[in-house]
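Chemist: build me a model from this:
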Amino acid sequence: MPGTHEGTVLIFPHLPQALEPFESKPQARKLVDADGANLVLLSFKKGQIWREHHSVHPVVVQVLSGAVDFEVKGQIFQLQPGSPIHLTAHLLHEVRATEDATVMVTMLTGEHHDPARINLDGVRAL
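Modeler: Numbers count the residues shown, from 1 in each chain. Down below sits the predicted model:
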């Protein structure tokens, strides 16, 4: 299939300041339901934990600021900005903030959303 100049571009504001954690637990917000993926932003204070859970979709998890310990399959990986991790669907995992941290989860849904549903001020669509 040839490329096209038709389609949508979403331009996001600087995300590490877009969400603050709650006092007693991390905060999560779905930023967008877009074509093929959903973006979810998580904000942690140092020491906060997102207890063991799973996603029904494959995900890519990437730290935007700070650092987290990411536990999966009995191993702990220290994630920092620039070191994403990919998980298959339904794989149990847990996240612990070793510093104040902002984490973005890209859920690879394969779903069609046109137009994208945006839940964050400052996002521009082209």
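Chemist: low-scoring stretches of this protein, by residue?
Modeler: For the chain, applying pLDDT under 70 flags no range at all.
Chemist: what's the closest non-adjacent residue to residue 30?
Modeler: Once flanking residues are discounted, residue 30 sits nearest to residue 40: 5.2 Å by CB to CB, 6 or more residues apart in numbering. In short, each C-beta sits where N, CA and C put it, glycine included.
Chemist: which parts of this structure are strands?
Modeler: 10-11, 27-34, 37-44, 49-53, 59-65, 68-72, 75-79, 85-87, 93-97, 101-107, 117-118, 124-125 (DSSP state E).
Chemist: give the contact list for the residue nearest to residue 30.
Modeler: Residues near residue 40 by CB atoms under 8 Å, 6 or more residues apart in numbering: 28, 29, 30, 31, 104, 105, 107.
Chemist: which of those residues are buried?
Modeler: 28, 31, 104, 105, 107 (16 or more other CB atoms under 10 Å).
Chemist: for residue 19, find the nearest of the strands of the chain.
Modeler: Minimum separation from residue 19 across the strands of the chain (CB to CB) falls at strand 37-44, 4.2 Å.
Chemist: any chance of the contacts of residue 40 in CSV with distance to residue 66 as columns?
Modeler: CSV is the format used below for the contacts of residue 40 (distance: CB to CB, whole Å):
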residue, distance to residue 66
28, 15
29, 17
30, 20
31, 18
104, 12
105, 15
107, 21
